[in-house]
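Asker: With the input below, show me the fold.
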Amino acid sequence: MTISKSADNVHDLIARRRRERDRIPRHAVPDSGVPVSSTQERIWFGEMFNPGFGFYHVPATLRLRGPLDVQALDRALCEVIRRHEILRSTVAEVDGMPVQRVGDAPASVLRSVDLGDEPDAEAEAARMAADDILAPFDLRHGPLWRALLLRLGPDDHVLVLTFHHIVFDDPSFGIVGREVEALYTGAVGGATGAGTGSGSGGPVRLPDLDLQYTDFSLWQRERLRTEDVRSRLVDYWRRTLDGVPRLLDLPSDRPRPPHRRRAGRFHRSRLPGDAVASVRAVAREEGTTPFTVLLAAYGVLLSRYAGQADIVTAVPAAGRIRPELEALVGCFINIICLRLDLRGEPTFRELLRRVRHASVDGHDHEEMPFEELVRELHPQRPQSHTPLFQAGLGVRDNDGVFLNLPGVRASEFVPDVEVSHFDLMVDFSVDGDGMAGLWGYNDDLFDPATVEVLAEQFELLVAGACAHPDLPVGDLSLPPAPRPAEPGTGAEGPAAVLAERVRLTPDAPAVTTHAGTPSTGTATGTSTGTATGTSSTGAPSAVTLTYAELDARAENLAPAVRRGAGPPAADSPDPAVWRYAHLKADVLDGRTEGAGAAPIADLASRIGLGVADTVLTFAPPTSGAFADAVLLALLHGAHLVTAPPEAARDAGRLRDLVADATVVHAPSAAWRLLLREGLPADRPFTALCDAATTPPALARELAAAIPTWTLYGEHWAAAHRVDPLAEPRRGVLLGAPLAGTPIEIADRTGRPGAVGVPGEIHVGGTATGDRGRVLPDGSLELLGRFDRMFTVGGFRVDTDELARSLAGRPGVAEAAVDVRHDRLAAYVTGEGIDLTDLTGLTAHLPEYQLPGSVTVLDFLPRTAEGHIAYEELPSPEAPGEEGGHVPIQGGTEETVAGIWRELLGVEEIGASDGFLDLGGHSLTLARLSLRYEVAFGVEVELPDLLRHATVREQAALLDERRAQAGLAGEEAAS
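Answerer: The predicted structure is shown next:
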């Protein structure tokens, strides 16, 4: 965590107010310990919830070249640890409360390892440093620091210092560095050429410290209980953050899981010297600092990606709010939540002034610890993301080198350690005439390529904003995503190609139509094709036309098509004839004749379609997909077989239809049925699915058995080969546009969007209403529809995304989500779905996406085009006046509810109520764990209490733990 530098006058204002306050008193530390500070409490709770990730390890690694006195360095470090009690402290839990206790000073701290015999000593040093940095700490027993010295050669070492954040923060390195420098220099007598020995100088004593960290902890707790201080801070932050969005909806590459699963990663970037010079120039013009300029540009970038003009960003602040704290090692750092207001299309200069104002006021109220702020403003602690903010930015004015020993040249040594606590946190530091950027990100959510593009776009935004500060922020341009080259369509259009097919293979089968219900005739005459088989009523069940017959009928029909004749009934061969007649009439649904062939030819090439293939389609005759299926088969000499849509739900008929097909274009219901009944093992085929209506989980399951492609658009505009082993994404991969199909992502102004930035998908210049983006590799991703995004409970929810997530659960065939009675309403189809226990269905969802109701249907109502008919979904009952209160069912549930009542001071508790929803927080959760251990004789960790949030879930968890411990038959203590 690094320190954000705000304007110089901000520092002066804060310093003046610090001088007005009383000094912090000294306190003796009893053996029982003292309460932790608010920041320590937040870190302690986070460590309990996410143990083993290394989120709270604060490392520094330095390459030290030159003669190093190892013993003098060890003694200097020991003396620093002796001086600062916090470095001799541990944190234990007493009655559910974390307390810090001070231990004895060590006699030696530096572990040394000689790597001189290693073939690649530097690589081995990087590996060992990474292992040491990530090794877990024991908060209860300590020590909460490690010092490792790796010897690469006689005058070449790597020093690895790792502290737990609960006793240390980034500014503490400066204090440790200065003290070690003074102690080491005194020990070696100030000689710049000192060798490795016991040191020649006399002992050095630094002035005693006036305070220790425990004094700050006690003072802070007491001060925050002071009514005027607390009310001033709470009133400001409540007013400042009132109405902010509860989640920064950055378009992640994967769905947000309910709990953090990975440690995060880093991407390194650099702002060049000319960009940094421009930043400083604009900062001088506006009387602010480079940090403010960078933060404003960062806000513009986040706004573009999230589609939000009201953004909260995290800004690390030193937290040393009193002068007497400047010399203390410890964890003082705090998080300030700055609200960036981009509403009303301000110019970048105006945005700078807004950000400067927010920074001045925020730093003036930085005394409010983030943990206390969360309790006051957001009592529900989300488990899937940080409350109040998800992205942040910090700037430090050094290059990471904090230790300068006489005769030794120090430089930063970077091991392969990647740990990031937040969705997106960017730290900038001095790097020559430029600035180095460290982009920490949650790799549960983002791919490395996505963050790399973000960093590149940030540099472009900074340059553009500084060059044109009086432009509206919406006009600060990012380079549009590259458009794929549009190949020439060739001299021959589809009509000419089909004419050649007729000449070469006049007697080859062209179209076979399988009847649904018996036809009553069409306006275009009687079929002259060959009837094959009969339906249950005696009518022909299939009619086949050769290429010659198809051409002759289309020729007869072309005049009627020119006069505007509509399509015929679906159960005759005439729909395909009608489409062919359109080609002859050169009115191919708005496509020019030549352009209409290029995308289909590209698709045929991708899937390997040829004259020996049979294409089976279930598309409705009036749909664009049917027109493209006709072209796909007939332009390439293949055999087109059309099936009535209802056949997709008849297992026997479906298997008969696919038995002779080599390419099958079918709806998701058909694929579900085929997978359940078993795909024909002796005749594999290629599957074509609709990208917008086929759940990605279904497409992956299908792709594990047969080659599977998803197709996007009413007329197929993009195609994607499904990888069955691919990790689920938040959106739906659409692949690359088909040749000759212009697809663009347009921003809110209609201009071409940048890579990664969501916008509306335009196909051939026509808006689709679909929300998507171009990925770094140039492929397309569908994010949902603009009309399926809703704000529910203060969170923006894409119901299409949620439906895709539900459709991937075991037993769920299809899913849809709508908003009814201001709640998310889910609708699912499938077998064996138990609505009495929804944990298995929704356990993978973050809390803000949990549906208020789930309804099981036999099938989802759909339109003729295959889209969900939301207006036909049944409406769940409105929540009752009691807010969905579920009664407690005695036994363990009653005991759990009783403990909740005592801890929370709440009398009315239902079985489905959540502990955090009723006002619980980190400390009460710790007490709850302790109470359960006393009452039930089993230990329940904090992560388990967060993941099983309700009375009923915790009662079931306790029963399970008691059964595992052989206590199932015993009565719970009261």
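
Asker: Now do the strands in the stretch 651-800 of the chain.
Answerer: Per DSSP state E, counting those that start in this stretch, the stretch 651-800 of the chain has strands spanning 663-665, 686-690, 708-712, 718-721, 732-737, 743-746, 759-763, 766-774, 780-785, 789-792, 795-798. These are given in chain order.

Asker: so can I have TSV of these showing distance to residue 875, mean pLDDT and mean neighbour count?
Answerer: (C-beta placed from N, C-alpha, C; glycine too.) Putting the strands of the stretch 651-800 of the chain into TSV (distance: least, C-beta to C-beta, whole Å; pLDDT from 0 to 100; neighbours: other C-beta atoms under 10 Å) gives the following:
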stretch	distance to residue 875	mean pLDDT	mean neighbour count
strand 663-665	34	97	25
strand 686-690	27	97	24
strand 708-712	31	97	25
strand 718-721	35	97	21
strand 732-737	28	95	22
strand 743-746	35	92	21
strand 759-763	30	95	22
strand 766-774	24	94	20
strand 780-785	21	94	22
strand 789-792	15	88	15
strand 795-798	18	89	20
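
Asker: In a markdown table, list those along with distance to residue 125.
Answerer: As requested, the strands of the stretch 651-800 of the chain are arranged in a markdown table below (distance: least, C-beta to C-beta, whole Å):
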| stretch | distance to residue 125 |
| --- | --- |
| strand 663-665 | 57 |
| strand 686-690 | 51 |
| strand 708-712 | 47 |
| strand 718-721 | 43 |
| strand 732-737 | 41 |
| strand 743-746 | 46 |
| strand 759-763 | 47 |
| strand 766-774 | 41 |
| strand 780-785 | 41 |
| strand 789-792 | 50 |
| strand 795-798 | 46 |
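
Asker: Any idea which of these gets closest to residue 36?
Answerer: The stretch from those with the least distance to residue 36 (C-beta to C-beta) is strand 795-798; that distance is 31.7 Å.

Asker: Show me how far the closest one is from its chain's centre.
Answerer: 14 Å (C-alpha atoms, centre = their mean, to the nearest Å).

Asker: then the helix or strand where residue 463 lies to CSV, C-alphas only?
Answerer: If you go by DSSP states H and E, residue 463 is part of helix 448-467. As requested, C-alpha coordinates have been extracted for helix 448-467 and formatted as CSV (Å, rounded to 0.1, in the frame of the first residue of the first chain):
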residue,chain,number,x,y,z
PRO,A,448,-3.5,-10.2,-18.0
ALA,A,449,-4.2,-8.9,-21.5
THR,A,450,-7.2,-6.9,-20.3
VAL,A,451,-5.1,-5.1,-17.7
GLU,A,452,-2.3,-4.5,-20.1
VAL,A,453,-4.8,-2.7,-22.4
LEU,A,454,-6.1,-0.7,-19.5
ALA,A,455,-2.5,0.5,-18.7
GLU,A,456,-1.9,1.4,-22.3
GLN,A,457,-5.2,3.3,-22.5
PHE,A,458,-4.5,5.1,-19.3
GLU,A,459,-1.2,6.5,-20.7
LEU,A,460,-3.1,7.7,-23.8
LEU,A,461,-5.8,9.4,-21.7
VAL,A,462,-3.2,11.1,-19.6
ALA,A,463,-1.5,12.4,-22.7
GLY,A,464,-4.7,13.5,-24.3
ALA,A,465,-6.1,15.2,-21.2
CYS,A,466,-2.9,17.1,-20.5
ALA,A,467,-2.7,18.2,-24.1
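
Asker: Other residues contacting it?
Answerer: Counting by C-beta atoms under 8 Å, 6 or more residues apart in numbering, helix 448-467 makes contact with 253, 265, 267, 269, 271-272, 275, 278-279, 281-282, 293-294, 296-298, 300-301, 305, 348, 424, 426, 437, 439, 441, 471, 473, 476-479, 754-756, 775-777, all of which sit outside it.

Asker: now swap in stretch 59-69 and tell me
Answerer: Stretch 59-69 has contacts (C-beta under 8 Å, 6+ apart) with 129, 133, 155-163, 173, 184, 187-188, 193-199, 400-403, 405, 407-415, 417.

Asker: Give me the residue at the spatial middle of the protein.
Answerer: residue 445 (2.9 Å; C-alpha atoms, centre = their mean).

Asker: Go ahead and confirm it touches residue 256.
Answerer: Yes. Under the criterion of C-beta atoms under 8 Å, residue 445 is in contact with residue 256, at a separation of 6.3 Å.
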